[in-house]
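Novice: coordinates for the following, if possible.
(2 chains)
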Amino acid sequence: MPAPADFPSSTAAFFAGMTSAFRSVFFVVLAGTYVGIGALAHDFGFAVWWLAASTVLVWAAPAQVILISTLGGGAALLEAAIAVTLSAIRLFPMVVALLPLLRGKGTRLRDLLLPAHFTSVSMWVESLRLLPGMAHEHRIAFCNGLSAGYMASAWSFGFVGFYLAAKLPPLAAGALLFLTPMSFLISTARNARAMVDRLALVLGLIIAPVMVEWHVQLDLMWTGVIAGSLAYAVHRLREALA
Amino acid sequence: MSGMTDGLWPYLVLVLVGFLPNEVWRMLGLVLARGLNEDSEIVVWSRAVATAILAGVIAKLLLFSSGALAGIPLSVRLGATVCGFLAFLAIKRSVFAGVIAGEIVLLVGGYFVVH
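Specialist: Residues are numbered from 1 along each chain as shown, chains lettered A, B, ... in the order given. Below is the predicted model:
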């Protein structure tokens, strides 16, 4: 779909953004992901409105999965918070890269608050693709519409997953819960283009079960620090030898 | 799980443990939106740590499953994961194809184990 170059008003730009959200491939990906997260939330005993609130407030599928599985698994609040914040670091460079596209003459900081909150992988990829072909004054409205479309999809399918998990026979409910680890494994592998990220993924998969078996406190945090730093060290070593 | 089902406490936890630790990076990006690029060393390291944490979550969900997924044997869960990943690699690196393949193997394997 070609990016429309201009809109008669900000409202039109907002709705054009929403329409392009419903047409994009990420709509399907988000629906599947949030059906899985809805089932996970049900499985760990959270209320459906807690899940709905977490989608609006947190708006990052990895952080939500970490939050639900750590809190639901009885982890300390501090461990959950550390794991969430470490998983969210990637949002920082994404916001840094997105804002120059949105900022025009006379853009106020508070106009950028909503796009910054909406920043997530799906919205970021589509914004970087579509915004450059657009007049500056309508980019924020378009971006907000796009994000609102994605969030509405995630929010609704969270409910679908939650109630399906409650009603389905065990095997089908198990298959629903399997959606989260399967889709996360594949999408993380797809996003990991650099060697250091692939290595971090493989090492994390190996080290996490060891941490659990050894009953290490804050197992996720240590998995991240150890596997991530090891992968980074190998990356530096290879650069030094190259 | 205790204490996460009633009253306002779960929502307070959501804000303190979910919303704030996550949102701080977006707001930091908003304030410091210049000077850092994707290849700076601290960004490369933090991305590696974040990737490893996500890998840890995936491994825990698959190996130490809870609820309905725990009713499906570990061998079937792992076999389905490997098949799904291979399908992803084989079919144009499509996330969709990989997830569908993994789900089919899980359902078929789970069905034969149960019956």
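Novice: pLDDT below threshold where in chain A?
Specialist: Counting by pLDDT under 70, the low-confidence segments of chain A come to A:1-5.
Novice: show me how far the lengthiest helix in it is from its chain's centre.
Specialist: Looking across chain A with DSSP state H, the single longest helix is helix A:139-167. Centre-to-centre, helix A:139-167 and its host chain are 12 Å apart (Cα atoms, centre = their mean, to the nearest Å).
Novice: ok, then the element right after that helix?
Specialist: Where DSSP states H and E defines the elements, the next helix or strand beyond helix A:139-167 is helix A:170-191.
Novice: that next one packs against which elements?
Specialist: helix A:25-43, helix A:61-72, helix A:139-167, helix A:195-213, helix B:41-63, helix B:67-70, helix B:74-90, helix B:95-114 (3 or more Cβ pairs under 8 Å, 6 or more residues apart in numbering or on different chains; DSSP states H and E). Just so you know, the C-beta spots here come from the backbone N, C-alpha and C atoms, and that holds for glycine as well.
Novice: please see if stretch A:218-229 touches chain B.
Specialist: Yes: using Cβ under 8 Å from any Cβ of the partner chain, stretch A:218-229 reaches chain B at A:219-221, A:223-229.
Novice: run through who's touching that stretch.
Specialist: With contacts defined as Cβ atoms under 8 Å, 6 or more residues apart in numbering or on different chains, stretch A:218-229 is touched by A:66, A:70, A:76, A:79, A:82-83, A:86, A:200, A:203-204, A:206-208, A:211-212, A:216, B:45-46, B:48-53, B:55-57, B:60.
Novice: rerun that using 7 Å as the cut-off
Specialist: Contact with stretch A:218-229 is made by A:70, A:79, A:82-83, A:86, A:200, A:203-204, A:207-208, A:211-212, A:216, B:45, B:48-49, B:51-53, B:55-57, as judged by Cβ atoms under 7 Å, 6 or more residues apart in numbering or on different chains.
Novice: now the buried members of the residues you listed.
Specialist: In the contacts of stretch A:218-229, burial by neighbour count holds for A:70, A:79, A:82-83, A:86, A:200, A:203-204, A:207-208, A:211-212, A:216, B:45, B:48-49, B:51-53, B:55-57, counting by 16 or more other Cβ atoms under 10 Å in any protein chain shown.
Novice: nearest to A:Ser127, out of the helices and strands packed on helix A:170-191?
Specialist: Closest approach to A:Ser127 among the helices and strands packed on helix A:170-191 (Cβ to Cβ): helix A:139-167, 5.4 Å.
Novice: buried ones in that closest one?
Specialist: Using 16+ other Cβ under 10 Å as the test for burial, helix A:139-167 gives A:139-159, A:161-162, A:164-165.
Novice: ditto for stretch A:67-84
Specialist: Per 16+ other Cβ under 10 Å, stretch A:67-84 contains these buried residues: A:67-72, A:75, A:79-84.
Novice: what's the answer for stretch A:10-18, then?
Specialist: Buried residues in stretch A:10-18, counted by 16+ other Cβ under 10 Å: A:12-18.
Novice: what is the nearest of the residues you listed to A:Asn191?
Specialist: Of all the buried residues of stretch A:10-18, A:Asn191 sits closest to A:Gly17, with 23.3 Å by Cβ to Cβ.
Novice: how much space between the closest residue to the closest one other than its chain neighbours and chain B?
Specialist: Using Cβ to Cβ, 6 or more residues apart in numbering or on different chains and skipping residues adjacent in sequence, the residue nearest A:Gly17 is A:Gly145, 2.7 Å away. Between A:Gly145 and chain B the computed distance is 19 Å (Cβ to the nearest Cβ, to the nearest Å).
Novice: how near is A:Gly145 to A:Trp59?
Specialist: According to Cβ to Cβ, to the nearest Å, A:Gly145 and A:Trp59 sit 15 Å apart.
Novice: do B:Leu63 as well
Specialist: From B:Leu63 across to A:Trp59, the span is 28 Å (Cβ to Cβ).
Novice: who has more neighbours out of those two?
Specialist: A:Trp59 (24 against 17; other Cβ atoms under 10 Å in any protein chain shown).
Novice: using the three-state scheme, assign the more buried one.
Specialist: Classification of A:Trp59 using DSSP: H, G, I helix; E, B strand; the rest coil returns coil.
Novice: now it, nearest residue through space, not along the chain?
Specialist: Excluding the flanking residues, the one nearest A:Trp59 by Cβ to Cβ, 6+ apart is A:Ser120, at 5.9 Å.
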